[in-house]
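1. predicted model follows, preceded by the sequence.
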Amino acid sequence: MNWLAILCAGPAYWVLGFIWYSLLFGWIWGAEQERHRREGCTPPAKREFIGMLLATFVSNLVASAAIAFLLRRTGIVDMPHALKLGAGVAVGFCITTLTIVHVWERKSTKVWMIDASYHLAGCLVAAAILVSWH
């Protein structure tokens, strides 16, 4: 596996999250989270927030490494197949897990759609970067 590619794909996935949750959908996601907080959840403290960002960064690196492993094991070296694999990982693992969490935490459909589409885009970005460095 190309660890340098993984070290680019993971942070790219993470930066996409910054763009996704601030510039693109931040106001909608934030308003929905605020509604959820009124139902009993509290916002994270600054130190807790930093830990959450770090955990997300590490998770994006691990996801990128897993996609790199799958690309290598399947022998995929072209962009169309890499994007299909990225979409499959997103739908088959990320979004299904996310759906379970959202159902049990009773989060809104809007939040689910923003979160699910972020992970789909993130897996596609990671797969594209990883296959490009083959």
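-> Good, I have the coordinates. Given the structure is predicted, the values throughout are model-derived calculations rather than measurements.
2. which residues touch stretch 118-134?
-> Applying Cβ atoms under 8 Å, 6 or more residues apart in numbering, the contact partners of stretch 118-134 are 2, 4-6, 8-10, 12-13, 16-17, 20-21, 60, 63-64, 67-68, 71, 76-79, 82-83, 85-87, 89-91, 94-95, 98. Every C-beta, even on glycine, is put in place using the N, C-alpha and C of the backbone.
3. just the buried ones from those residues?
-> Among the contacts of stretch 118-134, the ones that count as buried by 16 or more other Cβ atoms under 10 Å are 5-6, 8-10, 12-13, 16-17, 20-21, 60, 63-64, 67-68, 71, 76, 82-83, 85-86, 89-90, 94-95, 98.
4. poorly predicted segments of the chain, please.
-> 35-44 (pLDDT under 70).
5. circling back to that earlier point, just the ones of the buried ones among the contacts of stretch 118-134 in helices?
-> Counted as lying in helices by DSSP state H, out of the buried ones among the contacts of stretch 118-134, are 5-6, 8-10, 12-13, 16-17, 60, 63-64, 67-68, 71, 82-83, 85-86, 89, 98.
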